[in-house]
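**Q** A structural model of the following input is requested.
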Amino acid sequence: MNGLSERNRTLGDLMTELRARLGFVTQGSASKNNDTVIKSFLQEAHDFVFSELQPPAQRKKTIIKLQAGSYLYDWHNDAEDEDIDPGLVQSLWLKESDTIRTPLTQGITENDRSLDTIRQQPEKYDHLNGQIELWPIPDQPYELIVEYLAGKNRFDRASDRPSVPDRLVFLYALATSKAHYRHPDAQPAAVTFQNMLTKEKMKQKENRRFFANTNTARGESQVVRTANGGYTLRS
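**A** Here you go, the predicted model:
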């Protein structure tokens, strides 16, 4: 979880508010019977908003504690309790001291593996049966720094936070849940969500640069800014 994600409310917080907005709190303890469907509305909302905004990948670092004699380790960020996609790993470094970090190269040969009696500072890594394989086998405890790109946050536990603005997740879930329970104000909730989503998309474009070709030939399209601040193609 990065600093931006931590600004968002948790799944548990959003479930509490959604129950209240749907009027389930008046049911007392019986309102908990709706937790499964309430949670599914919010998870669906998280998936939808993430796909719409396509936020930039999150660059993360984590430390895996190495033990002497152990050469296989899980691709897992223990600090945030999330799995690491090996395909999104950018680099591995061995922390030798507070100021010295040595990069590990990827690729362990069968000849390397045949030298399984060597115990010293690891120099290489590879993927083996879904785990990190190190060579040589560590001779003492080390700290392995893994730098990787994380995608969408896990959004299953009450303490989990969404990868996108929590208000958008809530409003989408509110609109769909009100429609599901046939509340008469489902449409206004949907309009509010759509308006906020549009504004969020425009905010994402504020820091992007667009270049127009001043020698554009007749019939070719150009990117132009519209009166409402958006962008469109015009011939």
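**Q** residues contacting residue 15?
**A** Taking CB atoms under 8 Å, 6 or more residues apart in numbering, we find residue 15 in contact with 35, 38-39, 42, 158. Bear in mind the C-beta positions are built from the backbone N, C-alpha and C, glycine included.
**Q** For ChimeraX, what selects the buried ones among the residues you listed?
**A** Only the buried entries of the contacts of residue 15 go into this ChimeraX selection, using 16 or more other CB atoms under 10 Å:
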select :38,39,42
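**Q** can you redo the contacts of residue 15 as CSV with secondary structure?
**A** What follows is the contacts of residue 15, written out as CSV (DSSP: H, G, I helix; E, B strand; the rest coil):
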residue, secondary structure
35, helix
38, helix
39, helix
42, helix
158, coil
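**Q** which among the contacts of residue 15 gets closest to residue 195?
**A** residue 42 (19.9 Å; CB to CB).
**Q** Report the spatially closest residue to that closest one, excluding sequence-adjacent ones.
**A** residue 173 (4.6 Å; CB to CB, 6 or more residues apart in numbering).
**Q** neighbours around residue 186, how many?
**A** Using other CB atoms under 10 Å, residue 186 is surrounded by 17 other residues.
**Q** same check, this time on residue 151
**A** 12.
**Q** got it, and residue 46?
**A** 26.
**Q** what about it, helix or strand, and which?
**A** For residue 46, the element it lies in under DSSP states H and E is helix 35-53.
**Q** after that helix comes which helix or strand?
**A** Assigned by DSSP H and E, the successor of helix 35-53 is strand 58-66.
**Q** Quick one: distance of that following strand to the chain centre.
**A** Counting by CA atoms, centre = their mean, to the nearest Å, strand 58-66 is centred 15 Å from the centre of its parent chain.
**Q** neighbouring contacts of it?
**A** Residues contacting strand 58-66 (CB under 8 Å, 6+ apart): 2, 5, 73, 76-80, 84, 90, 95, 122, 132, 134, 138, 141-151, 163.
**Q** quick check, distance from stretch 168-180 to the centre of its chain.
**A** 21 Å.
**Q** Quick one: mean pLDDT for it?
**A** Mean pLDDT, computed over stretch 168-180, is 96.
**Q** same thing with stretch 136-155?
**A** Per-residue scores along stretch 136-155 average to 93.
**Q** Please compute how far the helix holding residue 46 lies from its chain's middle.
**A** Centre-to-centre, helix 35-53 and its host chain are 14 Å apart (CA atoms, centre = their mean).
**Q** May I see the buried residues of it?
**A** For helix 35-53, by 16+ other CB under 10 Å, it's 38-39, 41-43, 45-46, 48-50, 53.
**Q** ok, so of those residues, who is nearest residue 115?
**A** residue 50 (45.5 Å).
**Q** From residue 197, how far off is that closest one?
**A** 12 Å (CB to CB, to the nearest Å).
**Q** do residue 24 as well
**A** 25 Å.
**Q** ok so, going back, among the contacts of strand 58-66, which are in helices?
**A** Among the contacts of strand 58-66, no member falls in helices (DSSP state H).
**Q** what about the residue lying closest to residue 34 once chain neighbours are set aside, neighbour count?
**A** Using CB to CB, 6+ apart and skipping residues adjacent in sequence, the residue nearest residue 34 is residue 24, 5.6 Å away. Neighbour count for residue 24, taken as other CB under 10 Å: 18.
**Q** Give the phi and psi angles for residue 176, as a check.
**A** phi -70, psi -40 (degrees, to the nearest 10).
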